[in-house]
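[1] Dropping the sequence and predicted coords here.
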Amino acid sequence: MSKKVIIIGNGIAGITCARHIRKQSIFDITVISSESKYFYSRTALMYIYMGHMKHEHTKPYEDSFWENNRINLVQAHVEQISSADNNIQLNDGTNLNYDFLVIATGSKSNKFGWPGQDLQGVQGLYNLQDLQTMEQHTKDIKHAVVVGGGLIGIETVEMLLSRNITVSFLIRERSFWDTVLPDEESRMINKIIQHHKVDLQLGTELKEIKSHNGAKVTSVITGNGEEINCGFVALTVGVSPNISFINNSGVETDRGVLIDHNFRTNIKNIFAIGDCAQFKTPLDGRKPLEQVWYTGKLHGETAAKNIVGLNAEYLPGHWFNSAKFFDLEYQTYGLVLAQKADNEDWFWWQDKKGEKGIRILWDKNTLSFKGINAFGIRLRHEICNDWLNDKTPVNTVVHQLRKANFDPEFFKGYEKEFAAAFNHQNILIKN
Amino acid sequence: MEMDMSLSLANHAESNPLNNRMKMGAALVAISFLVLLLGLFNQFYNPILLGIFIIMISAGSLFYTNGLYANTVDGIKNNGVMFQSLTNRGLWAWILGIVLTGFYIILYWYPQYLGLNKNGNTGLVRFFDPLSYLLNGKQASQWFVYGTFYTLAILLMGIKFIRKNRHSKYQVFRTVSVMFFQTAFAFLIPEFLESLSADKAYFSKDVKNMWPLNIYFTDQWNIDGMLKGGNLGAFMLVMGIGMIFIISPILTYFYGKRWYCSWVCGCGGLAETAGDPFRQLSDKSLKAWKVERWLIHTILALVTVITVAVLYTMFYDNPSSYWLNKKSFSILVIVFFAIITSIVLLKRKTIFKDFDKKAFIIALSVMGFTVLCLINILMSNGRNVLFLDAGILRQGYGFFIASVFSGVIGVGFYPIMGSRVWCRFGCPMAAILGLQQKLFSRFRITTNGSQCISCGNCSTYCEMGIDVRSYAQKGQDIVRSSCVGCGVCSSVCPRGVLKLENGPIKTKKLQGPIQYVNGAFEVTE
């Protein structure tokens, strides 16, 4: 008999899960979301605001896809889960039964109790509704403040600049994203931010958000006591699991919904995937919460296997990621952290113009390759992954870097310059 | 939730004001058009005025480009594309579309309104006489005027495209290439050669403009012109045939159809330069892809049938004037189609892997239709193709396909349907190169592991309407017959996912979608 699967959330994790269940079964699949009926790519929100794309361009599948693949879409908000009755309640009063439930509700933007954080024109940027309010509140304003130096923060800065709105960028840390990036990389990005004439305020916290009339924001006060007049404040200080509706459902939560390595919660037929899921015991070298696009895909795919009855454990493999800071592309393969460990060594190289940068990380004892940060260049995922799998000697990687080049044709090579600089500084590991 | 930001945002113009250089550039371009208008209304005929027009429109365009891009950082410049009237099917787009369409209609069917007159031009055509005399020693024709505009557009908008994409050497080289081929091969060299052989009958002297894009290559007057055209004529005939059967398949094997469509071709050249602001308007739906496959291959079949019919008629009417006669020509045609048909039937499993049965049916119907028509031609006196005269068919093709489709719709509708409508749905040359690209070329766009975030920039800015993202998010190589290899998908990708490649193919990635699953790259479907 066909089982009923309900997936709450139509982001990348939920949708991937639905697609993979459909590929492997004839289960009855329903995906519920209050944000939008159709799946769209959240990562493209910035491009809608900047006018590169319209919302319709951010939908990876045509609207007919869902009906053709018999995936029911319901636009509603889930009020409550009754795990004892295998049943959920929607905001319109409907009750739906399930055999399997998947929680894939993603994140919500953090707010840390600042005075004035609920004023008009103060918001995070995570979903379509955020984009709409940002659209409304940034009309006819001259200056905005972005608080929080992460990926969404720098993207929000770029968005505002595209509308000729000047920006003050308040970052609590001493340098941009320096909790993730080593010094040189972080400084490289500081420079780019300043090059775009952003008022970059490092080591500066937000103290208070003020309004003249008590409705819309008019200024912020920083930790240094400086007042900055502004018409919009973006709070981009991270996200946390969007799970408040799960209270009293019997599903165990901590920061996120607690899961094992098969994405099962404490209740056997309830799964959690994506941003909102938290591993009870994190995998080696990985965090309990994973909030990137491809992990959402991997979660969804692995959970789908478990739902259709194949026993599949989460094996995410080597860490990788990418981002774009204004026009500077960034890719990373392997785990290159802000600080290297005692048994690690690394080498940083930058080209003369400061447009490209590579950091290579290796094990001091075995001299095997452990990771790479690449700025302004593109590297081949498969090759880097092979090097990590094979624990290739760092020397070999340096001298075969050309194999991993993924830049478009006719782009200037950097490999020789990089290898020469590496050899110059690392004579000891030349073998 | 439906949300069209471009409608909720009435006007962003004020947030991106024109700077002084842009204003000055726009003013110069506007004045240069006024000068042209004076010419059209028979006010001035003066080589100096023509010079002023060319200098002013060039200077204006360069000033504008400079003002637009000089103070920007190298990188992608698509801010506001979806908000602006011109690039988002707004009022300006419709005005421009109607003006361009109108211009093509007058150019093709009412050139007398441009002032064309064999006994002495007037108006706009007269305005360009001095340049025509300078280049080929004859008075201008409407085609000379068109060629001049066309070349100017590719050059000036090419410079704009290069400035916009200066961070990408691929884009820069490619654009310099189309600018060169248009200016030298399509414009200056043919005009110059024309002046050297003014006493001989006219024939096509643009080497790169090959059959079947150039449908009149096989018309009797052109063949006769080449045969009586001395060394140059012989060269054009040999090159023309060599391009079709030898040079283009070899180049397509190594580099994909891009060597022609986005590096050499004049239609492609205009689309990549003047048409660039409209590339995002192409239709990405599966339905459009279906229409594309039917339409372009039907036109290829049509052009083949018509060409065979025209040539057969020629050999039939003139039994001893050419090296070939109707019998030897028939044998050649039959052998050629026997080879093509056997290849398709033998390799059907590799050819139709992606969209299997449906595509196979399309191919079979199109080929079946072609073969039926050919039998029909070769069994009759050549004048009878499905009860129609070859000459009438040839005229019909010239009117509906070569003029209405490629010109009026192809370029006139740039601001509404995007810049590659002709190349995608109509061009029989693109159809042939596309089949070669799909069947045996090394060219493909590779995707980088699992870095894709499905944002959609690649699909949005694909002028051929390929849903690039649908491949990229599966980690699958993109091997599509319509891809012209412009490389813009790779440029706009924010995560470094796409790369145009022609190296030897690792078969692994062509077997199916590759996903990064559980720590390894696996074929998942």
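    On my side now, so go ahead. Residues are numbered from 1 along each chain as shown, chains lettered A, B, ... in the order given.
[2] I believe B:R495 is in a strand; please confirm or correct that.
    No. Applying DSSP: H, G, I helix; E, B strand; the rest coil, one finds B:R495 to be coil, outside a strand.
[3] give the contact list for it.
    Counting by C-beta atoms under 8 Å, 6 or more residues apart in numbering or on different chains, B:R495 touches A:322-324, A:329, A:331, B:448, B:451-453, B:455. Backbone N, C-alpha and C define where each C-beta goes, glycine included.
[4] For the nearest residue to B:I215 once chain neighbours are set aside, grab the count of nearby residues.
    Once flanking residues are discounted, B:I215 sits nearest to B:A402: 5.5 Å by C-beta to C-beta, 6 or more residues apart in numbering or on different chains. For B:A402, the neighbour count with other C-beta atoms under 10 Å in any protein chain shown is 20.
[5] so how far is chain A from B:A402?
    33 Å (C-beta to the nearest C-beta, to the nearest Å).
[6] Pop the domain breakdown of chain B in here.
    The record's domain parsing of chain B by automatic domain parsing lists B:1-71+B:110-197, B:200-441, B:442-523.
[7] my hunch is that B:S470 is in a helix, does that hold up?
    Yes. Assessed with three-state DSSP, B:S470 lies in a helix.
[8] For it, report the pLDDT, please.
    pLDDT for B:S470: 95.
[9] doesn't A:P60 make contact with it?
    Yes. B:S470 is in contact with A:P60 according to C-beta atoms under 8 Å; the separation is 7.1 Å.
[10] hang on, the residue nearest to B:I215 in a strand?
    No. Judged by three-state DSSP, B:A402 forms no part of a strand; its state is helix.
[11] returning to that earlier point: which of B:S470 and A:P60 has more residues huddled nearby?
    A:P60 (23 against 19).
[12] now the strands for the stretch 151-300 of chain A?
    Applying DSSP state E, counting those that start in this stretch to the stretch 151-300 of chain A gives strands spanning A:166-171, A:199-202, A:206-210, A:219-222, A:227-229, A:232-235, A:239-241, A:257-259, A:270-272, A:277-279.
[13] Between the ones you listed, which shows the greatest average number of neighbours?
    When those are scored by mean count of other C-beta atoms under 10 Å in any protein chain shown, the highest mean neighbour count falls to strand A:270-272 (a mean of 28).
[14] what helices or strands is that one leaning on?
    Applying 3 or more C-beta pairs under 8 Å, 6 or more residues apart in numbering or on different chains; DSSP states H and E, one finds that strand A:270-272 contacts strand A:100-103, strand A:257-259, helix A:293-307.
[15] just the domains of chain B: most buried one?
    Highest mean neighbour count of these: domain B:442-523, a mean of 22 (counted as mean count of other C-beta under 10 Å).
[16] Quick one: distance of that one to the chain centre.
    Relative to the centre of its chain, domain B:442-523 is centred 23 Å away, using C-alpha atoms, centre = their mean, to the nearest Å.
[17] Stretch B:197-207 now?
    On C-alpha atoms, centre = their mean, the centre of stretch B:197-207 falls 23 Å from that of its chain.
[18] between the helices and strands packed on strand A:270-272, which gets nearest to chain B?
    Closest approach to chain B among the helices and strands packed on strand A:270-272 (C-beta to the nearest C-beta): helix A:293-307, 4.7 Å.
[19] Contact partners for B:L286?
    A:E62.
[20] same question but for A:N311, I mixed them up
    A:N311 neighbours (C-beta under 8 Å, 6+ apart): A:262, A:305.
[21] Assign it to helix, strand or coil.
    Applying three-state DSSP: A:N311 is coil.
[22] right, and B:Q171 touches B:G487 too?
    Yes. If you go by C-beta under 8 Å, B:Q171 and B:G487 touch, sitting 6.4 Å apart.
[23] tell me which parts of the stretch 201-350 of chain A are close to chain B?
    Within the stretch 201-350 of chain A, the residues that sit near chain B (C-beta under 8 Å from any C-beta of the partner chain) are A:293-294, A:297-298, A:301-302, A:312, A:314-318, A:320, A:322-324, A:326-327, A:329, A:331.
[24] Now a PyMOL select for only the buried ones of those residues.
    Here is the PyMOL selection string for the buried members of those, based on 16 or more other C-beta atoms under 10 Å in any protein chain shown:
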select buried, chain A and resi 293+294+297+298+301+302+312+314+316+317+318+320+322+323+324+326+327+329+331
